[in-house]
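Asks: Here is a sequence with its predicted model. Questions after.
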Amino acid sequence: MTINMKEINCPICLKKGTWTPENAFRPFCSSRCKLIDLGEWASEQHRIPGDPAPDNEISSSTDEEDK
């Protein structure tokens with residue numbers, strides 16, 4: 001059985017790598033690049049397109065959790 005090793009570029013630093021089970025950080029090249037990406041999502045530099053949730057849905061779910 002042959003393993004298809006697809007070449008990829010790290011989305012953060014663009015370093016070349018391979019998509020294999022041995023690459024624990026795929027699609028990133030390292031833990032550092034993986035954490036940089038996580039930080040960008042946490043600071044809302046990246047977003048999934050869509051309409052924002054109405055304020056009443058957010059507050060009503062928070063109110064129910066407080067009970």
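Replies: Happy to help now that I have it. Computed from a prediction, not measured in an experiment: that's the story for all the values here. Residues are numbered from 1 along each chain as shown.
Asks: And the strands in the chain, which stretches?
Replies: Assigned by DSSP state E, the chain shows strands spanning 6-9, 16-19.
Asks: Tell me the helices and strands packed up against the last one.
Replies: Going back to what we said before, that points to strand 16-19. strand 6-9 (3 or more CB pairs under 8 Å, 6 or more residues apart in numbering; DSSP states H and E). (C-beta placed from N, C-alpha, C; glycine too.)
Asks: ditto for the first one
Replies: For strand 6-9, the packing partners by 3+ CB pairs under 8 Å, 6+ apart come out as strand 16-19.
Asks: Pull out the buried residues from the strand it packs on.
Replies: Neighbour-count burial for strand 16-19, with 16 or more other CB atoms under 10 Å as criterion, is recorded at Gly17.
Asks: what are the pairing partners of that strand, and which direction each?
Replies: strand 6-9 (antiparallel) (DSSP bridges).
Asks: buried ones in the partner strand?
Replies: Neighbour count says strand 6-9 has Ile8 buried, by 16+ other CB under 10 Å.
Asks: Output that strand in PDB, but only the C-alpha positions, please.
Replies: Included here for strand 6-9 are C-alpha records, laid out as PDB according to Å, rounded to 0.1, in the frame of the first residue of the first chain:
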ATOM      1  CA  LYS A   6       0.300  15.600  -0.600                       C
ATOM      2  CA  GLU A   7       2.500  18.700  -0.500                       C
ATOM      3  CA  ILE A   8       1.000  21.600   1.300                       C
ATOM      4  CA  ASN A   9       2.000  25.100   2.300                       C
END
